Structures are given as C-alpha cells and as structure tokens.
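Visitor: Just to be clear, the model below is a prediction. Sequence and coordinates:
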Protein chains: 2
Amino acid sequence: MNAGKEINMENFTYYAPTYFAFGKGAESDAGKYVKRFGGTKVLLHYGGGSVIRSGLLERVKESLQQAGIDCVELGGVRPNPRSGLVYEGIALCRREGIDFILAVGGGSTIDSAKAIAAGTVYDGDFWDFYTGKIVEKALPVGTVLTISAAGSEGSPDSVITKEEGMFKRGATGEAFRPVFSILNPALTQTLSPFQTACGVTDIIAHLYERYLTNTKDVDVTDRMIEALLLAMIQAGPKAVKDESDYESRANIMWAGMMAHNNSCGAGRTQDWASHDIEHELSAQYDCAHGAGLAVTMPAVFTYTMPHDTMRFAQIAVRVWGCQMNFANPEETARAGIEALRSFLISIGMPKNFAELGAKEEDIEKMAHCACFGNGNTGAVGGFVRLEQKDVENIYRLML
Amino acid sequence: MNAGKEINMENFTYYAPTYFAFGKGAESDAGKYVKRFGGTKVLLHYGGGSVIRSGLLERVKESLQQAGIDCVELGGVRPNPRSGLVYEGIALCRREGIDFILAVGGGSTIDSAKAIAAGTVYDGDFWDFYTGKIVEKALPVGTVLTISAAGSEGSPDSVITKEEGMFKRGATGEAFRPVFSILNPALTQTLSPFQTACGVTDIIAHLYERYLTNTKDVDVTDRMIEALLLAMIQAGPKAVKDESDYESRANIMWAGMMAHNNSCGAGRTQDWASHDIEHELSAQYDCAHGAGLAVTMPAVFTYTMPHDTMRFAQIAVRVWGCQMNFANPEETARAGIEALRSFLISIGMPKNFAELGAKEEDIEKMAHCACFGNGNTGAVGGFVRLEQKDVENIYRLML
C-alpha cells in the first residue's frame, strides 16, 4: 500500500449549470421548465409503482400537458439500473424523435436517463461511456427527485450495471449535468426509514470520498465537507425517525445535492475507494448501495487511517465531537471512525457481511473485479493506492 | 425595532450557471472561453493602471487575438463604480456592435460590466434596474478576477453609484450571472495588505448577512456559512501577512465566490442591513467598501443581538471558538461580536468613524438615505427592521 503524491490546491474547472426549483409543490412546474430548456417531446422515465401510487407521475404528466409538451413513457428502472433498459430507452427515443428526457425518481432513474440521453445521440454503444469515454453530448435531462442520496440531480455522473457479467460502472461528463432538477423534500416523505437511512449514508460517503485527499492546504473545501456532514448528523436521525419532518428532509435534500455537485471537491484529489469496493457488493448481491457503503466505509477507513492519522483525527474532532488526544492522535482518529460506525448502526444500517447478505467466498473475486474493472488498472483509491490484496483485507474487516 | 416573521425553510430557485476556470495561468484561456460562450466582438472593460502595469491586460488581449476575437477597450472603472462610465460603455457597445463584455478586474469592474451589459440591450435608462426592475436580459459577461471580495464573479448582483446625488444602489437578475469567470489566485498577489484585508472583510460580511435570518431549521446553510467563515479566519491573516502565499489566496478566492453565489443563502431570509448602512459611508466618503463594513458590522450586530441572542451565541461558539456560557448566553453572543471586531482590527481594518474619515454631522442624512433609498421604504434589514432612528443609533455606535 503506497501513499498518494502530496500536492497543493490544483487547477480545476467547475461548471454546475443545473437550475434548481426547491420546495413544496415544485413539481407542478415541470412542464414550464421542460419548455424553458427547449424540450418539445419528452421521454418520461421512472422506476416502479411508487411514483404511480403516490400520484406524482400523474401530476407531472398534467404539468407537461398544460405546457403543451408531448410525452412517451418508459418505466421499470430498478435499483442498480441495468443496461437492458438503457438500450430499450435509446431505441425508443430514436423511434419517437424524443428531444428531452425527464427522470422522475431517485439516483437510479436519473442515472438511467443520463445513459439513454448520451446513447441516443451517439453512433456507437452507450457502454463506451462507462468504460472511459467522456460524455460530451447528450439530450438534455431534467429531474423530479424522490430520494436524497445519489446526488445525480446536480452531478455530471451516472452509474449503470451491465447485465452481462453484472459489472457496475460509472460515466462522467459535463453533458451529464441535468438542465433542471425539481427538489421537493415532501416527495421523500413516502420513503421507508431504511430507504431514508440508505440515502443519508450515501451522502455521507460522497463527503468522505472527497475529504480523504492528499492535497495540502485545502481548508475551505475541508470546512465545507465538515459542514455538510454536521448537517447530515443532525438531520439524518430525525428524518429516519419521523417521516413527516419536512425540515430535516429539506436540509438533507440540499446537503445531498451540495455533497455531490463537487463544489466541495474542487481542486483536491479524492478517494472513491469505498465506492469502488462497495460497487462489487451491490452488483453481486443487489443490496442497497447505501447499505453496502455503511459496511464498507468503516473498514476502508480503518485500513487507510495510518496513511494520514491527523486527517482522521481532524474529522473526528471537528465532525464527531471527539476530544483530541494530543499525546496519541491515532486514538482520536480511531474514535472518529467508531463514531461514524455507531451513527450508521443507529439509523438502521447493517454492520457486516452477514447483515448485508454477502459471502466470504466471493471476496477474492470481488477484490479482483474492483481493482481491474471500471477502468481501474490494478488498484482502487486516490487517497491510498489499494491493490487486490489490500481490498481483500478490507472485505475481511467487514466479516 | 420590530422582529421579522418566523418561518421555516422557504421554497426557492437556484441557478448558478457560471463556468469557473480556477488556478495558475487560467487567464491564458480567456479567448477560448469567450468563443465557447458565443462572443465575437468583445468590450474589454477594466479599471486603473494595475492590470496594465502587471501585464495582465496584455496577456488577455493576446488570448483574445489568438482566438480570433475582435476587441474594443474601455478602462477607467473606479472603486464604487459610477453611472457616467456605464452610459459611456452602453453607447460604445451599441456603436461598435459588441456582443460580449469581458471584465478584467475586481467587483467594481465586474459590476460596471454587468450594468453596461444590461443597458446595451434595454430601451430605457439602465438606472431602472438599480431602482427595482429585475434584469431579465443582458449581453453575456465574462470575468478575469483580480481581487477576492465582492463575489460578483459568481453572483447575479451589481452595485453602481449614480453620480447625481451619489446614490449607491444594487440591481439583480439571473441574466447578471457571468457566463464564465477566470479565477487565478496568483493575480491577487499584487494587492496591498489593506486591499486584501478589505476583500476578506467583504466576504465575511456576505456570510453574516445570510447568517442573520429569521428562518428556522436551516442547519445545512448555517453550517456552510460557518465553514466558509472558519476558512476565512484561517486564510485571511496569512494572505494579509504574506502576499506570496498562493494557498491562502486560493482558499479565499473559492470561499469568496461560494460566499456570494447564494448556495448558502438559499431558502432563508437574509439581513443586508450592514451593506445598506455601509453603502452610505462609501457613497459619501468614497472609502473602501470592506473598510466601511469592518466599522459597520460590529455596530449593527451589537444593536440587533437582543433580537436573537442564541443565534449570535451559536456563531460565537461554532466560528469564533468562544466557550458557551449556558447561564448567560448573551455574554457568549457579545464575546463573538468582540472576536469579530478584534479579528478585523488585527488584519488592519479601521474600527470607527474617525479612522474611516466619516463625520458625525452626516449621520442623520445617511440614516435617512439608507432607509428611504435603494428601493427601501422606511427601513433596512431582513433580520431586524431598522428604521431611521435605529440606523442613527447604529452609526453613533461607530463613533
């Protein structure tokens, strides 16, 4: 396990031109925003029955109709969205002359919509983008968000699972930022406590992935990440406990977007080891991404902590309220990781392989897949370079 | 003095589509970005001689030339930018068929560029926008920032001083967000310690104006504001002390943009009493805006603190590291205001009317002007409604 290179704040570009309409009832303006951003014929993309049962889909369709927007529907997106539906969506968009995709749902639906948007205007196989090609062109995508978690509503990223082999891979590119996103916290009040907690965990992971950096002197982004974590620690348990608490959901929804629009990751190296290691879990066992992250993060952090004890001590003190042990900073660093673990358990997240339904005998295969798939060439992690043996050790910490 | 209405997190829209190119040497891409955002003939707008002496203007012109962009120059913007130059700029843009304005300088230059951009495509007097009309259309504006302070590089705002009467007034509207902003922290290394400190003070003020809210349960934006303040407290003194310290300037530059792009002000009522009260000082005495704010803020906060003692105690504990006095929160709240005052003095800011060159005999006139100008109808402040008598009392606290 080798240390990453130490550098100072890096040059970067940052472009987040998504229009956000936030608050109660905001979805009634969906048609207005599609029109504003040039859509005339829309693919309405969604998942299972919950957006139908709740009446949300009907309200969105009414709004489109009132704005004089034609629409074609494609439902059926499932968690860990699959390539099959993406191919179907691409064919549909081409056949119907679709010029705008409106995703109504969570990260999976939005990610699937992004894949269709890129694939529709691309001559080759859309999977090219999920094996390293940067997305430079796509149909415009709008979103009506129903769960705070993935941050896809404001990010340039998408994650899709290829059905042949169950490879879960990510794509990125400026063209993947939604042109608008409608964020109504009340829409998340129908989620189960478990779904809410998974979302909170995913948001926390997006913040840790950026916090674990080898870039020096990036206090402003450190502080912003800590701020969003503190807000999640306050709002998360409230939202899990009481689904009617609008205020905590509003805070989580804005924090979830800010956690992943990269304003607090700009100019610094990032980690993403936890995501790469978790992706194998949800791809293999189809477990919830947030649940997988809850098990993965404490193991990864325990393993990589010696690389920069003071960074882990800093987050322990500033975020988790640990007392700094100046004689033994490692103790403080460890206390911060334990505080994270306890927090995740307290909101109902699983704590080990058994609770996740994962199997010890798959460890070697998954570690190999994590290190050699997704464009990785033998390792994961921007904070510490983790090779297959390291990843196997990390999976074993989760047993 | 009456309390503002208490409410929960409000519905809002948020749209910040500025493209940021951040880091050393970024200005060499100015031509590329003008082209990307559709400019073919540019008004190059700037202030005094510093951008010429430093060679920056020449580098930007070379970049434009390399991109095949025509350009016309208009220099002469001064701090507290004036309406006269705006009228001149509008006439010039119309005569020359300008389709893009590139501001090279600080907040004053950018604000002047925005005013020209709106005025050029408007049939009436551009001043209409500075007396309440929302800006819906303007030529695209790009910026090459040379001082971290106003946040105009990422904001939808502009402040201009009308020469007849020296009224300093603000305008706003989505069309005022720059299409791109080039943020090279190294460009701020030629500033004097006083100029750097004025910028730091302005950024701190933008954060306090948003912190002082009557909206309840907005922990996520509270935390983000605190984060940016903490980063300013760490980086500010370093940048003032050592102009060669790139890292502190990089942190300040990103914090300065984030402090005013309203991501941490979304969905909450804001104050802006300090700005309205300060504007009269810089309009009357042509003092630096940051210097005026350094004198104004502690006075405003001392006066309004009783309205929400716990909010001032919170910022005292979380940002200024004060110990909470649970038996007497007011003591903690006051300690936080004193810590702010001491910090501002420590970086070289003035502390009272005398050091600012302001005069006691102007108090009544300025208080009247603050409360009845700038679209205000008898009062300033979103946190506490401050009428003329209150504002007079606040000015007296600065003597």
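Guide: Right, received. Where do you want to start? Numbers count the residues shown, from 1 in each chain, chains lettered A, B, ... in the order given.
Visitor: Show me the shaky parts of chain A.
Guide: Scanning chain A for pLDDT under 70 picks out the ranges A:1-6.
Visitor: 50 - rerun?
Guide: Applying pLDDT under 50 to chain A flags the ranges A:1-4.
Visitor: What are the neighbouring residues in contact with the residue nearest to the spatial centre of it?
Guide: Closest to where the C-alpha atoms of chain A average out (CA atoms, centre = their mean) is residue A:150, at 2.8 Å. For residue A:150, the contact set (CB atoms under 8 Å, 6 or more residues apart in numbering or on different chains) comprises A:106-108, A:110-111, A:202, A:260, A:289. C-betas here are computed from N, CA, C, even on glycine.
Visitor: Let's see if you can find the most crowded of the residues you listed.
Guide: Counting neighbours by other CB atoms under 10 Å in any protein chain shown, the top entry in the contacts of residue A:150 is residue A:110, with 32 neighbours.
Visitor: the helices in the stretch 201-350 of chain A, which residues?
Guide: Ranges of helices in the stretch 201-350 of chain A, per DSSP state H, counting those that start in this stretch, are A:219-241, A:246-260, A:273-285, A:289-304, A:309-318, A:329-346.
Visitor: hey, which of those helices is tucked in deepest?
Guide: Compared across the helices of the stretch 201-350 of chain A, helix A:246-260 shows the largest average neighbour count, a mean of 28 (mean count of other CB atoms under 10 Å in any protein chain shown).
Visitor: And it, what does it pack against?
Guide: Helices and strands touching helix A:246-260, as assessed by 3 or more CB pairs under 8 Å, 6 or more residues apart in numbering or on different chains; DSSP states H and E, comprise strand A:19-22, strand A:180-183, helix A:193-211, helix A:219-241, strand B:7-8, helix B:219-241.
Visitor: Name the strands paired with the second one and say parallel or antiparallel.
Guide: Here strand A:180-183 is paired, per DSSP bridges, with strand A:19-22 (parallel), strand A:141-145 (parallel).
Visitor: thinking again about what came up before, between the contacts of residue A:150, which sits nearest chain B?
Guide: residue A:260 (13.2 Å; CB to the nearest CB).
Visitor: just checking, the closest one touches residue A:154?
Guide: Yes - at 6.6 Å, residue A:260 and residue A:154 qualify as touching, with contact defined as CB atoms under 8 Å.
Visitor: Residue numbers of the stretch 201-350 of chain A in contact with chain B?
Guide: A:216-224, A:226-228, A:230-231, A:234-235, A:246-248, A:250-252, A:254-255, A:258, A:263, A:266-267 (CB under 8 Å from any CB of the partner chain).
Visitor: Mind doing that once more with 6 Å?
Guide: Within the stretch 201-350 of chain A, the residues that sit near chain B (CB under 6 Å from any CB of the partner chain) are A:217, A:219-220, A:223-224, A:227, A:230-231, A:234, A:247, A:250-251, A:254-255.
Visitor: Same question for the stretch 1-150 of chain A.
Guide: Contact residues (CB under 6 Å from any CB) of the stretch 1-150 of chain A with chain B: A:8-9, A:11-15, A:17, A:19-23.
Visitor: Show me which of the residues you listed are buried.
Guide: A:9, A:12, A:14-15, A:17, A:19-23 (16 or more other CB atoms under 10 Å in any protein chain shown).
Visitor: Leaving out the residues flanking it, which one is nearest to residue A:92?
Guide: In this structure, residue A:92 finds its nearest non-sequential neighbour in residue A:74, 6.0 Å apart by CB to CB, 6 or more residues apart in numbering or on different chains.
Visitor: And for residue A:38?
Guide: The shortest distance from residue A:38 to any non-neighbouring residue, by CB to CB, 6+ apart, is to residue A:140 (6.6 Å).
Visitor: what residues are up against that neighbour?
Guide: Applying CB atoms under 6 Å, 6 or more residues apart in numbering or on different chains, we find residue A:140 in contact with A:37, A:100, A:179.
Visitor: change it to 8 Å
Guide: For residue A:140, the contact set (CB under 8 Å, 6+ apart) comprises A:37-39, A:99-101, A:117, A:179.
Visitor: Any chance of a markdown table for these, columns secondary structure and distance to residue A:84?
Guide: Converted to a markdown table, these look like this (DSSP: H, G, I helix; E, B strand; the rest coil; distance: CB to CB, whole Å):
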| residue | secondary structure | distance to residue A:84 |
| --- | --- | --- |
| A:37 | coil | 28 |
| A:38 | coil | 29 |
| A:39 | coil | 25 |
| A:99 | coil | 24 |
| A:100 | strand | 23 |
| A:101 | strand | 17 |
| A:117 | helix | 17 |
| A:179 | coil | 26 |
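Visitor: Lovely, talk soon.
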